[in-house]
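Colleague: predicted structure and sequence below. I'll ask about it afterward.
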Amino acid sequence: AAKVNAGQTTLSAKLTADIVVNENVMQPGTFTLNGTPSRSWTPIGTSSNYFNGTFDGNGHTISGLYFNNTTNSNYPAGGKYIGLIGYANGATIKNVVVKDSYIYGYCDVAGICGYAYDSTQITNCGYEGYVYGSSYDYGIAYNYSATVENCYSVSNQPLSNKATTNCYHDNSKYTSSTTYSTGKPSEAFASGEVAFLLGEGWGQKIGTDATPRLGGDKVYKNTYSGECSGEGYSNVDEHGVVTERNHNFNEEGVCTQCGFHLISTADQLYAFAAKVNAGQTTLCAKLTADIVVKENVLQHGTFTVNGRP
């Protein structure tokens with residue numbers, strides 16, 4: 001980063017290992033900062049020395065990027081053009097996942113590339129973490145004139161500001177509407193569905209990895225009949241239809257294979273409604289007990305509400 005930002009803008013690099021810049025930047029399962037990390041990130045490329053080379057993650061991850069500067073001026077003085085790559089012009093950025101990271105700037109802020117300009121290509125990248133800018137803040141990139149394909153984001157912001165190719169965002173985390181990437185719930189990231197959809201180079205150890213992994217275990221799509229019917233994803237190629245697959249319920253009464261819900265409490269009923277209303281419209285459920293949401297809602301023998309439930 002220092003060399004590029006000093007003017008060697010055509011340098012290229014390849015990761016040869018996973019890198020941890022800071023440990024445990026985010027509180028698990030949230031977008032909440034876990035204290036103040038000791039090492040601040042230096043974005044690669046500035047508006048005066050923009051990155052013009054190739055950054056190849058080579059299937060590795062970078063964890064723990066931390067940036068916090070909301071001053072309205074260009075980096076390094078302020079918080080404009082911030083990301084793993086700050087400002088890219090005709091660059092190639094590929095095969096890298098940035099996770100457990102917190103990037104808080106002024107504008108043109110993103111997990112992978114803060115400002116992607118002049119035919120920059122961003123391919124096979126992922127971002128898992130928090131992003132903030134007063135404007136132009138995205139999980140993968142602020143795309144001025146770039147190509148973004150085969151990427152995913154698990155972030156509080158949309159993946160990109162322009163159309164992408166085969167890109168997916170976690171719409172359980174970023175819940176607003178966007179047409180620039182395909183929203184999938186957290187369950188689809190955990191099940192292997194998103195890894196399968198991302199295609200060549202992506203995989204996942206289902207049941208262990210919560211999100212896709214570059215170079216991970218290959219994911220197959222299979223069609224099942226029987227009690228637990230429908231499509232599912234596994235690390236085993238089951239060659240088409242497999243009969244009589246049974247549900248595999250977790251402690252919350254949700255089948256980890258097909259998403260079927262067993263509902264015995266009001267809280268579970270509300271949770272099921274929330275999932276359907278957020279877009280998981282093909283989910284199925286079965287009641288396993290009588291449920292009382294509110295007691296004595298109506299006055300006895302009338303259609304008059306009994307107070308305010």
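Modeller: Structure's in. What do you need?
Colleague: list the buried residues for stretch 32-39?
Modeller: For stretch 32-39, a neighbour-count test (16 or more other Cβ atoms under 10 Å) marks residue 37 as buried. In this view, the C-beta of every residue, glycine as well, is placed from N, C-alpha and C.
Colleague: ranges for the helices of the protein?
Modeller: Using DSSP state H, the helices of the chain run over 2-5, 186-191, 193-198, 266-277.
Colleague: including distance to residue 50 and mean neighbour count, could those go into a markdown table?
Modeller: Formatted as a markdown table, those follow (distance: least, Cβ to Cβ, whole Å; neighbours: other Cβ atoms under 10 Å):
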| stretch | distance to residue 50 | mean neighbour count |
| --- | --- | --- |
| helix 2-5 | 9 | 17 |
| helix 186-191 | 32 | 20 |
| helix 193-198 | 28 | 23 |
| helix 266-277 | 43 | 14 |
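Colleague: residue 57 - nearest residue in space that isn't next to it in sequence?
Modeller: Among residues not flanking residue 57 along the chain, residue 96 sits closest, at 2.4 Å (Cβ to Cβ, 6 or more residues apart in numbering).
Colleague: I should have written residue 256 there, sorry.
Modeller: Leaving aside its chain neighbours, residue 256 sits nearest to residue 248 (5.1 Å; criterion: Cβ to Cβ, 6+ apart).
Colleague: list phi and psi for the one you found.
Modeller: phi -120, psi 90 (degrees, to the nearest 10).
Colleague: what's it in contact with, if anything?
Modeller: By Cβ atoms under 8 Å, 6 or more residues apart in numbering, the contact set of residue 248 is 228, 255-257.
Colleague: if we use 7 Å, what do you get?
Modeller: Contact analysis of residue 248 by Cβ atoms under 7 Å, 6 or more residues apart in numbering lists 255-257.
Colleague: what's the answer for residue 28, then?
Modeller: Applying Cβ under 7 Å, 6+ apart, no residues qualify as near residue 28.
Colleague: returning to that earlier point: possible to save the helices of the chain as JSON lines with mean pLDDT and distance to residue 147?
Modeller: JSON lines is the format used below for the helices of the chain (pLDDT from 0 to 100; distance: least, Cβ to Cβ, whole Å):
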{"stretch": "helix 2-5", "mean pLDDT": "98", "distance to residue 147": "21"}
{"stretch": "helix 186-191", "mean pLDDT": "93", "distance to residue 147": "23"}
{"stretch": "helix 193-198", "mean pLDDT": "98", "distance to residue 147": "16"}
{"stretch": "helix 266-277", "mean pLDDT": "93", "distance to residue 147": "33"}
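Colleague: got CSV for those, with distance to residue 168 too?
Modeller: Formatted as CSV, the helices of the chain follow (distance: least, Cβ to Cβ, whole Å):
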stretch, distance to residue 168
helix 2-5, 30
helix 186-191, 8
helix 193-198, 5
helix 266-277, 18
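Colleague: so which of the ones you listed gets nearest residue 11?
Modeller: Ranking these by proximity to residue 11 (Cβ to Cβ) places helix 2-5 first, at 5.7 Å.
Colleague: give me every residue that touches the residue nearest to residue 111 when sequence neighbours are not counted.
Modeller: Of all residues not flanking residue 111 in the chain, residue 127 sits nearest, at 3.0 Å (Cβ to Cβ, 6+ apart). When contacts are counted by Cβ under 7 Å, 6+ apart, residue 127 touches 98, 111-112, 139-140, 153, 155.
Colleague: cross the residues you listed against strands and list the overlap.
Modeller: Secondary structure from DSSP state E places 98, 153, 155 of the contacts of residue 127 in strands.
Colleague: ok, and the closest non-adjacent residue to the second one?
Modeller: Okay, so that is residue 153. Excluding its sequence neighbours, the residue lying closest to residue 153 (Cβ to Cβ, 6+ apart) is residue 139, at 2.8 Å.
Colleague: with residue 128 instead?
Modeller: Using Cβ to Cβ, 6+ apart and skipping the chain neighbours, the partner closest in space to residue 128 is residue 99 (4.0 Å).
Colleague: where does the prediction get shaky in the stretch 151-300 of the chain?
Modeller: Along the stretch 151-300 of the chain, segments meeting pLDDT under 70 span 238-243.
Colleague: didn't residue 195 look like it was pressed against residue 219?
Modeller: Yes. Between residue 195 and residue 219 there is a contact under Cβ atoms under 7 Å: 4.7 Å.
Colleague: ok, what's across the strand from the residue nearest to residue 111?
Modeller: Counting by DSSP bridges, residue 127 forms beta bridges with residue 98, residue 153.
Colleague: mind putting the ones in strands among the contacts of residue 127 in a markdown table, distance to residue 11 included?
Modeller: Shown next, in a markdown table, are these (distance: Cβ to Cβ, whole Å):
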| residue | distance to residue 11 |
| --- | --- |
| 98 | 19 |
| 153 | 26 |
| 155 | 28 |
